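>>> just coords:
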């Protein structure tokens, strides 16, 4: 049975027994901004918000996030709450207000100049700045206080998102040891030798073990985390059941590969899709040529420069391809306050100008750069318009663009060129898999994708779509929440009890987790 919103609702009702669900994430799912004298709302770019929004619609509860929009303060009540989605509320958004200094130190500083490059093996040196560390600690405490306030003394499951809040679990547990905490780390976890260079690594690990469940996309990152803890802390490691005991607390470590909502928000018929994609082609001046697509935040981990080099090499090796396709790179600027990101945006523009100058003509420029935020409707149209989608991440926990592209292809055509260094590559084996550091291999993969017969395209796409549909965002949330719900029902077992657990119940089909057949 394919997981859906209803099945997830049944699981939450059965497993959480009325406990409040509190999600903590840096980014908010809906942003209000002042635009042309009016207040409007937008959905921000990013896989995390797109993935979690349908889960929160199904489960209800509170999403705590940084209020970053220019009109965010105008649209909340006195408690900084607003019910979302707009027009059909399903859950509450609690906005946290940060000063510019706090945002620069916690977000641009420690989170994205230290932890992000530390966890991504892409040769960007992390910055270890004591002031950024203090800002990170301060903001984690602000969010922890908001969690405690939202829990209101009752039972709650706190679902912490990503590397922005490594310190929050222990801060919450100090005041509310009864609360259950699950932390999903969306980015890779590095090997112990890499992580140990962080001056505050020991403290980060100690407080992360305040979580009842620590979750990553793939088993490899779980292994790295367990090995890092084993090397740096005095604690008991249960490798058979993937649990860590420190003092009287137990932290379970599990892989839960995140996915997407495979039900399109804009479920148009085939004729409507053709109309919409043709309008987009006309707007961008693409004619009827095949489109190679990249959709990314502008980030040095995404391999965008390598992708452009591969297109350049394709046009050099095979000059007969000139004038035969367009490459469209779509994505907004990201983290401009960090110099590595502002430099990258300039480098991408320079590289594109060079390719267009070398290979273009008066009536054809091979690369189009859409350097702006794109809403879900436009991104879906881009996915449906593309003949080839290139995901060339140099290192990625999962990469939801790959799964979004597959989910969008109701016509069962199109080819995915996918980096081997993404979590998604372990699931989408029918993509054309590449090493993005090998530009020549990337060039040949793109050529293979452009020339792939329609029959083979459909066979590959059907298999990938089947996998993504069965392993969708509701199944991801169901498996993760069921695991935490089991802890709530049983109480946190000691390691001796963990030894006797049947690991198949924990890691097998979620149907085993429903009490008395609920959700079947």
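Great, that's in hand. Predicted, not measured: the structure shown is a model, and the values here were computed from it. Numbers count the residues shown, from 1 in each chain.
>>> from here on, contacts and neighbour counts on C-alpha atoms
Noted.
>>> mind listing what the closest residue to residue 207 other than its chain neighbours touches?
Computed as C-alpha to C-alpha, 6 or more residues apart in numbering, the closest residue to residue 207 that is not its neighbour in sequence is residue 170, at 5.0 Å. By C-alpha atoms under 8 Å, 6 or more residues apart in numbering, the contact set of residue 170 is 207, 208, 209, 210, 211.
>>> now do residue 359
Per C-alpha under 8 Å, 6+ apart, neighbours of residue 359: 315, 322, 365, 366.
>>> burial measure for residue 109, as a count.
25 (other C-alpha atoms under 10 Å).
>>> what's residue 396 sitting at in phi/psi?
With angles defined as degrees, to the nearest 10, residue 396 sits at phi -150, psi 140.
>>> ok, and the closest non-adjacent residue to it?
Per C-alpha to C-alpha, 6+ apart, closest to residue 396 is residue 422, 4.7 Å.
>>> against residue 193, how distant is that neighbour?
21 Å (C-alpha to C-alpha, to the nearest Å).
>>> now the residue lying farthest from the centre of the chain: how far from residue 282?
Centroid-distance maximum for the chain: residue 362 at 39.6 Å, with C-alpha atoms, centre = their mean. In this structure, residue 362 and residue 282 are 18 Å apart, going by C-alpha to C-alpha.
>>> rewinding a little: how about the contacts of residue 170 in JSON lines, adding secondary structure and neighbour count?
Shown next, in JSON lines, are the contacts of residue 170 (DSSP: H, G, I helix; E, B strand; the rest coil; neighbours: other C-alpha atoms under 10 Å):
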{"residue": "207", "secondary structure": "helix", "neighbour count": "16"}
{"residue": "208", "secondary structure": "helix", "neighbour count": "19"}
{"residue": "209", "secondary structure": "coil", "neighbour count": "24"}
{"residue": "210", "secondary structure": "coil", "neighbour count": "27"}
{"residue": "211", "secondary structure": "coil", "neighbour count": "27"}
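>>> for the chain, which spans come out with low pLDDT?
Scanning the chain for pLDDT under 70 picks out 264-268, 270-271, 488-520.
>>> can we see that at 80?
17, 45-47, 263-271, 336, 485-520 (pLDDT under 80).
>>> rewinding a little: isn't there a helix covering the residue nearest to residue 207?
Yes - with DSSP: H, G, I helix; E, B strand; the rest coil as the criterion, residue 170 is part of a helix.
>>> so how far is residue 181 from it?
Applying C-alpha to C-alpha to residue 170 and residue 181 gives a distance of 9 Å.
>>> neighbours around the residue nearest to residue 396, how many?
Count around residue 422 with other C-alpha under 10 Å applied: 23.
>>> that one reaches residue 400, doesn't it?
No - assessed by C-alpha atoms under 8 Å, residue 422 is found out of contact with residue 400, at 9.7 Å.
>>> report the contact partners of the closest residue to residue 111 other than its chain neighbours.
Leaving aside its sequence neighbours, residue 111 sits nearest to residue 164 (C-alpha to C-alpha, 6+ apart; 5.6 Å). By C-alpha under 8 Å, 6+ apart, the residues touching residue 164 are 25, 26, 106, 107, 111, 140.
>>> reduced to three states, what does the third one come out as?
Taking three-state DSSP as the rule, one finds residue 106 in the helix state.
>>> quick one: it and residue 341, what's the gap?
The separation that residue 106 has from residue 341, given C-alpha to C-alpha, amounts to 17 Å.
>>> more neighbours, these two?
residue 106 (26 against 17).
>>> so how far is residue 6 from the more buried one?
Distance from residue 106 to residue 6, by C-alpha to C-alpha: 37 Å.
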